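Trainee: Sequence plus predicted model, see below.
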Amino acid sequence: MSRIHPTALVDSGAEIADGVEIGPYCTIGSQVRIESGTRLLGHVTIQGRTRIGRDNVIHPFCSLGAVPQDKKYGGEPTELHIGARNTIRECCTLNLGTAQDTGITRVGDDNWIMAYVHVAHDCQVGNQVVLANSTQLAGHVHVGDWAVLGGFTGVHQFVHVGAHVMAGIASVLTQDVPPFLLLAGSPSLPHGINAEGLRRRGFDAARIATLRRAYRLLYRQGLSLEQACLRLREEQASLDGAAAADLGALLDFIASSSRGIVRP
């Protein structure tokens, strides 16, 4: 059975699975669905068409599924989807999507979302992401798997952040950030690849060396972006396995960028 504190207000239309824990003074709306094992520790407000997966821990004073902070929003039936095994710390705000995008704000699995983080409408957050304290994602931002955004990082609307990126404290991201980069500053500039993070995730020395060469082509040899990508394609053709796949992911990200990638 679910454990619901007597001070919690849970609408009769909400779908609460067995094994959910709802702490004191939580408020759960009529269109909310929460799967087994998720714990709301108290003073959590969940509204709108919000879907929350299994085994999440949501700390006090979070607001999930509130209407977007977007003047174009007119009450459309948009949604917020949160996956499994996420930790969402105190005072975080995650909003519904808008009809101008996919209509769904998504947070994947196994993410660590620290206090005072804002995930705006239509954001797409992957898996194993760390959003440190007071990170602010504007609308339509995409964050790839295993990215780490340092405390007080601000991400401009529509920016895409690639997988395995690490941004330092108080970074300001106004352009797309290719996967594997280490960057910092306001506006942020690249400072190499996230080698330590890649090692921790099992990237071997050959893969990391390939990505270091790719970084030098993109940022240290005075090449245009077109010239650098041509050299990267040549490099990819000479490789196989995981190293070739890494360069493929990098090239695909650059090709799909709509805001232009961060470059000095």
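Mentor: Ah, there it is.

Trainee: Domain boundaries for this protein, per the record?
Mentor: Following the assignment in automatic domain parsing, the chain carries domains at 3-140, 198-256.

Trainee: centroid residue for the chain?
Mentor: With distances taken as CA atoms, centre = their mean, the residue of the chain nearest its centroid is residue 125 (2.8 Å).

Trainee: who's in contact with that residue?
Mentor: When contacts are counted by CB atoms under 8 Å, 6 or more residues apart in numbering, residue 125 touches 106-108, 111, 119, 131, 137, 142-143. Bear in mind the C-beta positions are built from the backbone N, C-alpha and C, glycine included.

Trainee: Can you show me the helices along the stretch 51-200 of the chain?
Mentor: All helices of the stretch 51-200 of the chain, identified by DSSP state H, counting those that start in this stretch, fall at 195-200.

Trainee: Stretch 174-194: end-to-end distance?
Mentor: Across stretch 174-194, the terminal residues are separated by 19 Å (CA to CA, to the nearest Å).

Trainee: my bad, stretch 256-264
Mentor: Taking CA to CA as the criterion, the two ends of stretch 256-264 lie 20 Å apart.

Trainee: Please apply the same query to stretch 146-163.
Mentor: In terms of CA to CA, the two terminal residues of stretch 146-163 are separated by 6 Å.

Trainee: Flag every buried residue along stretch 33-49.
Mentor: Neighbour-count burial for stretch 33-49, with 16 or more other CB atoms under 10 Å as criterion, is recorded at 33-35, 37-49.

Trainee: Among the residues you listed, name the ones in strands.
Mentor: Within the buried residues of stretch 33-49, residues falling in strands by DSSP state E are 33-34, 39-40, 45-46, 49.

Trainee: which one of the domains of the chain has the most crowded surroundings?
Mentor: Burial among the domains of the chain, expressed as mean neighbours by mean count of other CB atoms under 10 Å, is greatest for domain 3-140, which shows a mean of 19.
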